[in-house]
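Q: I'd like to go over a predicted model; first the sequence, then the structure.
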Amino acid sequence: MSTFGRIAVAFAWTLGVAIGGVIYYEVYMNNLQEFKPDGGPFVQPVTVAEYIVPIVLLTILLAVWVWVVVGSVQEERAREMRRVRP
């Protein structure tokens with residue numbers, strides 16, 4: 001895949017993660033906080049979701065952009081190796 005193709009895929013994933021983040025915060029702030037009273041049965045899952053979802057979204061975003069950079073560098077090195085060989 002070309003560099004521009006990788007960048008296009010990364011922008012699509014970035015847009016998707018941004019939309020996912022907005023939906024998460026809108027749903028979480030409006031609805032899930034109601035299930036987190038002190039000592040209720042949903043305190044633990046809601047607390048985990050409160051911290052894990054932003055970390056997962058950032059990890060996905062970082063992985064996609066690392067893929068763009070590393071894939072482009074690997075492709076460039078492979079092209080250079082083909083030029084060096086007789």
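A: Structure received. The structure displayed is predicted, hence computed values, not measured ones. Numbers count the residues shown, from 1 in each chain.
Q: Tell me the pLDDT of the one residue sitting closest to the centre of the chain.
A: Centroid-nearest residue in the chain, with CA atoms, centre = their mean: residue 60, separated by 2.2 Å. We have a pLDDT of 91 for residue 60.
Q: what does residue 84 give?
A: pLDDT, residue 84: 65.
Q: burial count for residue 42?
A: A count of neighbours around residue 42, defined by other CB atoms under 10 Å, yields 13. From N, CA and C alone the C-beta is placed, and that goes for glycine too.
Q: What score does the residue nearest to residue 50 when sequence neighbours are not counted have for pLDDT?
A: The shortest distance from residue 50 to any non-neighbouring residue, by CB to CB, 6 or more residues apart in numbering, is to residue 28 (7.2 Å). Residue 28 carries a pLDDT value of 78.
Q: Tell me how many other residues surround residue 28.
A: 16.
Q: and the longest helix along the chain, how far from the chain's centre?
A: Assignment by DSSP state H gives helix 43-84 as the longest helix of the chain. Offset of helix 43-84 from its chain centre (CA atoms, centre = their mean, to the nearest Å): 7 Å.
Q: If you count contacts, what does that helix end up packed against?
A: helix 3-30 (3 or more CB pairs under 8 Å, 6 or more residues apart in numbering; DSSP states H and E).
Q: Give me the angle between the helix it packs on and helix 43-84.
A: Counting by axes from the mean of the first three to the mean of the last three CA atoms, to 10 degrees, helix 3-30 lies at 170 degrees to helix 43-84.
Q: Buried residues in helix 3-30, which are they?
A: If you call a residue buried by 16 or more other CB atoms under 10 Å, then helix 3-30 has these buried ones: 6, 10, 13, 17, 24, 28.
Q: where does this structure have its least confident helix or strand?
A: Ranked by mean pLDDT, DSSP states H and E, the helix or strand of the chain with the weakest confidence is helix 43-84, at a mean of 82.
Q: How about the contacts made by residue 72?
A: 3, 6 (CB atoms under 8 Å, 6 or more residues apart in numbering).
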